[in-house]
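**Q** Quick one: sequence and predicted model below, then my questions.
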Amino acid sequence: MNKVIIITGASSGFGKMTAERLAAHGHTVYGICRREMRHDKIRYMQGDVRDAEGIALKIKEIYDKEGKIDVLINNAGMGIGGSLEMATQEEIETQMNVNFMGCVNMCQKVLPYMRKQRYGKIINLSSIGGIMGLPYQGFYSASKFAIEGFSEALSAEVKGFGITVSMVEPGDFATNFTASRKNSEATMNDPDYGPIFKRSLGLIEKEENGGLKPEVLARKIEKIVDAKHPRLRYVVANLEQWFSVVLKRLIPGNWFVNILVDYYKTKP
Ligand code: NAP
């Protein structure tokens with residue numbers, strides 16, 4: 001059945017691939033991103049997920065035209081790398097506002113329509129960085145942990161109205177995410193943190209660039225869109241990252257931190 005689907009961050013990476021896949025399979029797909037985009041099957045709308053009022057107008061426009069909103073996919077996101085100690089107020093706000101508040105804004109503006117319909121599906125992009133605190137990606141992890149708590153609570157609040165909430169938790173994938181990452185200059189230039197940050201960033205970038213193809217994730221999201229009873233969480237990662245998620249749930253917190261210290265070589 002044809003669904004009306006809104007997806008944020010549809011100009012690149014997971015968002016673009018997922019939008020193209022869903023549109024090719026007959027759904028009516030609206031893509032929201034800041035860049036101006038054109039596509040014969042995707043209805044692009046220019047917008048910033050941080051702009052709650054602008055978003056509200058776009059969502060109303062979609063609902064007025066289509067008469068329903070079946071699925072919202074909150075995918076827009078970016079990363080800022082650096083030490084937690086040296087992150088500037090602007091870096092922290094940008095990271096939290098795009099990744100977390102962007103997701104909150106979209107949900108708050110779509111939910112009145114979904115509640116009125118008594119159905120709807122929300123899919124929020126978390127990360128395995130939303131399951132474990134990644135060193136030198138700390139505010140990125142914090143933004144994804146925030147999405148985790150928000151999505152779980154939201155799921156419990158709106159289930160009774162026929163609305164489901166799911167989280168997708170990807171491991172490393174090769175998208176434009178790596179090239180778009182902003183890095184803290186203060187951390188780079190610090191004699192203590194600088195060399196460790198550069199080393200750990202090199203490792204992270206290598207893993208992302210050699211990561212899974214975004215098609216894998218687009219296929220998974222399509223399955224969630226089609227699922228009658230979607231799960232709350234979907235980890236989509238390679239075997240090693242899957243194992244780290246399982247380990248995180250099984251072993252004491254301090255042991256897991258020691259593994260992170262060794263893996264990312266965060267000791268001077
Ligand atoms: P990407 O290729 O860099 O795409 C990011 C998308 O987000 C772009 O379409 C960008 O479009 C959009 N965006 C960024 N800021 C925005 C804003 N303020 N308002 C509206 N749109 C905005 O990265 P990706 O890997 O596909 O990332 C998609 C999601 O997956 C993110 O939430 C990311 O955290 C998550 N994720 C990625 C990985 C990975 O390894 N790649 C792993 C785990 C989770 P414009 O620039 O045109 O606005």
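**A** Happy to help now that I have it.

**Q** for the stretch 51-200 of the chain, what spans make up the helices?
**A** Along the stretch 51-200 of the chain, the stretches classed as helices by DSSP state H, counting those that start in this stretch are 52-66, 89-96, 102-117, 138-158, 177-180, 185-188, 193-209.

**Q** would you list those in CSV and tack on mean pLDDT?
**A** Output for those, formatted as CSV (pLDDT from 0 to 100):
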stretch, mean pLDDT
helix 52-66, 98
helix 89-96, 98
helix 102-117, 98
helix 138-158, 98
helix 177-180, 96
helix 185-188, 98
helix 193-209, 95
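
**Q** Adding mean neighbour count and distance to Ile42 as columns, could you present these in CSV?
**A** (Each C-beta comes from the backbone N, C-alpha and C, glycine too.) CSV is the format used below for the helices of the stretch 51-200 of the chain (neighbours: other CB atoms under 10 Å; distance: least, CB to CB, whole Å):
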stretch, mean neighbour count, distance to Ile42
helix 52-66, 16, 13
helix 89-96, 16, 26
helix 102-117, 20, 17
helix 138-158, 19, 24
helix 177-180, 16, 20
helix 185-188, 17, 36
helix 193-209, 16, 25
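
**Q** can I get those helices in CSV with distance to Tyr234?
**A** Listed next are the helices of the stretch 51-200 of the chain as CSV, based on distance: least, CB to CB, whole Å:
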stretch, distance to Tyr234
helix 52-66, 25
helix 89-96, 23
helix 102-117, 16
helix 138-158, 12
helix 177-180, 18
helix 185-188, 32
helix 193-209, 19
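
**Q** As TSV, the ones you listed with distance to the ligand would be great.
**A** Putting the helices of the stretch 51-200 of the chain into TSV (distance: least, CB to the nearest ligand atom, whole Å) gives the following:
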stretch	distance to the ligand
helix 52-66	9
helix 89-96	9
helix 102-117	6
helix 138-158	7
helix 177-180	3
helix 185-188	20
helix 193-209	5
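
**Q** Let me know which of those is the nearest to Gly9.
**A** Across the helices of the stretch 51-200 of the chain, Gly9 has its closest neighbour in helix 102-117 (8.8 Å, CB to CB).

**Q** could I have stretch 12-24 exported to CSV, CA atoms only?
**A** Taking C-alpha atoms only, stretch 12-24 is exported to CSV below (Å, rounded to 0.1, in the frame of the first residue of the first chain):
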residue,chain,number,x,y,z
SER,A,12,23.0,12.3,1.2
GLY,A,13,24.0,9.0,2.7
PHE,A,14,21.3,6.8,4.4
GLY,A,15,18.6,9.4,3.9
LYS,A,16,19.1,9.8,0.1
MET,A,17,19.4,6.0,-0.4
THR,A,18,16.3,5.3,1.7
ALA,A,19,14.2,8.0,0.1
GLU,A,20,15.2,6.7,-3.4
ARG,A,21,14.4,3.1,-2.4
LEU,A,22,11.0,3.9,-0.9
ALA,A,23,10.0,6.2,-3.8
ALA,A,24,11.0,3.5,-6.3
